[in-house]
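Visitor: okay, predicted coordinates and the sequence, questions at the end:
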Number of protein chains: 2
Amino acid sequence: MHSYTEENYLKALFNLANEKGEVSANELSKRLVIKMPTVNSMMKKLAEKKLVHYESYKPLRLTEKGKKEAGLIIRKHRLTEMFLVQNMGFGWEAVHEIAEQIEHLHAPDFFEKMDALLGYPKIDPHGSPIPDKTGKIEWIHYEKLSSCKAGDTVKLAAVIHTTDDFLKFLNVRELQLGLKIKIKAIEKFDGSMVVSYNKRTAEMLSHTVCERLLVEKL
Amino acid sequence: MHSYTEENYLKALFNLANEKGEVSANELSKRLVIKMPTVNSMMKKLAEKKLVHYESYKPLRLTEKGKKEAGLIIRKHRLTEMFLVQNMGFGWEAVHEIAEQIEHLHAPDFFEKMDALLGYPKIDPHGSPIPDKTGKIEWIHYEKLSSCKAGDTVKLAAVIHTTDDFLKFLNVRELQLGLKIKIKAIEKFDGSMVVSYNKRTAEMLSHTVCERLLVEKL
DNA sequence: GTAGTGACTTAGATTCATCTAACAAATATT
DNA sequence: AATATTTGTTAGATGAATCTAAGTCACTAC
């Protein structure tokens, strides 16, 4: 079994790799807010355990084993988030911090039970896919709202870079997963969009926001 | 805030004090399966933090502050057990291990929510009182079944020394909290009891079992 | 193609929770 | 009361995860 600390390194490596492809020690250090030398020695340790491929001065890569372990942690995280929202009534902005802790529990029955009570969900409350029991993730490709054209009608499928503040921002505007959104206009100079949905006929969304909303075209 | 480790010492001290009054370093060491010198230095550390009264070669005592902290951890443990049983469908024999881990989470909202969803329960699934939000415990005095007389009719109010095996033993015999039990006879030589309840007309319970069943006389 | 900057590594210190070994105090036994 | 046993304490070591300081590698810019 791996320590709480090791699990956080694995998860960070996994997430960074999916965001940017290769992962540098430096990025990892920044992500975890842990100084480089510490990261460096942990990488050697994880290499010993065959969880990462480590070579001096080369980018970091998870091994297959490492990916699987990371996937299983992320599975626990996302199942937990789903449970907190669906079965306990938390808002999607409130669950990340709690799930960050629960993901490290060694309690297979607990996660099995959550999974069953939720009906074996495939996505978490933010639309991110939940890895399966082997740690594998089934990537679903959505488009960014920012890459859609005026006139398109889309369905909100997932949100990314989900800080609490951003999620609260979405709450205030009733922007929820599954929502049907019509793009009325796009401002050329800043990429902001005017959209309509529900009873809102002209809501303004900045480019930053549109970059974080993933949609399916209808 | 206290570390996971410190919390376990506090909880063990609290429980031992309630079982036996005074607590020796030796008992604590055995309970936690941690060697004496380690316990010793932790006691000094907790004394620094004003959580225990420590004097060389004297029994250990929690300070008021220590009792409160311990009570709050036990509160989290018992709320969790209740939630796992009531809202997630676990059997009472399955929840201890999971709750041992969840009790250490720093997630006030999570425990608040469980408390609310449960309707602010006063006891856990084993009949033990749940400390209030200030860490105070309201002791309820029940009698041991073993101290009742033949002919008594009692209600099962709590079970103590609840190992998983013991709880499974009770499951098999349909012995649940709230159950009305009639004492038909007591064997003098070994203290075992013959009791009836539900459709069971002559169930034999050893003295060991009767010592662990707490009841209210009816 | 050398200098400079940023990324990476090594070396060594610190803190926490644990251990073993050895010693001291308190308690029990005869 | 003297001795043996149990309990508690001190000293010092270990491993995990962190740090700072200092040195090395590699890419970028002229």
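Guide: Happy to help now that I have it. Numbers count the residues shown, from 1 in each chain, chains lettered A, B, ... in the order given.
Visitor: state whether residue A:203 is indeed within a strand.
Guide: Yes. Counting by DSSP: H, G, I helix; E, B strand; the rest coil, residue A:203 is part of a strand.
Visitor: for it, name its beta-bridge partners.
Guide: residue A:195 (DSSP bridges).
Visitor: neighbours of it, just the number please.
Guide: Applying other C-beta atoms under 10 Å in any protein chain shown, we find 16 residues neighbouring residue A:203. C-beta: built from backbone N, CA, C; applies to glycine.
Visitor: residues contacting it?
Guide: Residue A:203 sits next to A:173, A:194-197 when contact means C-beta atoms under 8 Å, 6 or more residues apart in numbering or on different chains.
Visitor: and residue A:77, by the same measure?
Guide: Counted by C-beta under 8 Å, 6+ apart, residue A:77 has contacts A:11, A:99-100, A:102-103, A:124.
Visitor: about what we covered before: now, the most widely separated pair of the contacts of residue A:203?
Guide: Maximum pairwise distance in the contacts of residue A:203, criterion C-beta to C-beta, is 13.0 Å, between A:173 and A:194.
Visitor: phi first, then psi, for the residue nearest the centre of chain A.
Guide: Against the mean C-alpha coordinate of chain A, by C-alpha atoms, centre = their mean, the closest residue is residue A:128 at 5.6 Å. The phi/psi pair for residue A:128 (degrees, to the nearest 10) reads phi -80, psi 140.
Visitor: contacts only, for it.
Guide: Here residue A:128 is in contact with A:78, A:158, A:160 (criterion: C-beta under 8 Å, 6+ apart).
Visitor: which PyMOL command selects the buried ones in the residues you listed?
Guide: The PyMOL selection below is limited to those of these classed as buried (16 or more other C-beta atoms under 10 Å in any protein chain shown):
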select buried, chain A and resi 78+158
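Visitor: which ones among the contacts of residue A:128 are found in helices?
Guide: Mapping those onto helices (DSSP state H) picks out residue A:78.
Visitor: what's the closest of the contacts of residue A:128 to DNA strand D?
Guide: The closest of the contacts of residue A:128 to DNA strand D turns out to be residue A:78 (C-beta to the nearest atom of the strand; 23.0 Å).
Visitor: now do the contacts for the nearest residue to that closest one once chain neighbours are set aside.
Guide: Using C-beta to C-beta, 6 or more residues apart in numbering or on different chains and skipping the chain neighbours, the partner closest in space to residue A:78 is residue A:124 (3.8 Å). By C-beta under 8 Å, 6+ apart, residue A:124 lies in contact with A:77-79, A:81-82, A:130.
Visitor: try residue A:137
Guide: A:71, A:74, A:129, A:131.
Visitor: how about the residues of chain A near DNA strand C?
Guide: A:24-26, A:36-37, A:40-41, A:43-44, A:54-59 (C-beta under 7 Å from any atom of the strand).
Visitor: select only the buried ones of those in ChimeraX?
Guide: Here is the ChimeraX command that selects the buried residues among the residues of chain A next to DNA strand C (16+ other C-beta under 10 Å):
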select /A:25,43,54
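Visitor: quick revisit: backbone phi and psi for the residue nearest to residue A:78, please?
Guide: phi -90, psi -180.
Visitor: does the closest residue to residue A:197 other than its chain neighbours lie in a helix or a strand, and which?
Guide: Of all residues beyond its chain neighbours, the one nearest residue A:197 is residue A:181 (4.6 Å), with distances taken as C-beta to C-beta, 6+ apart. Under the criterion of DSSP states H and E, residue A:181 resides in strand A:180-186.
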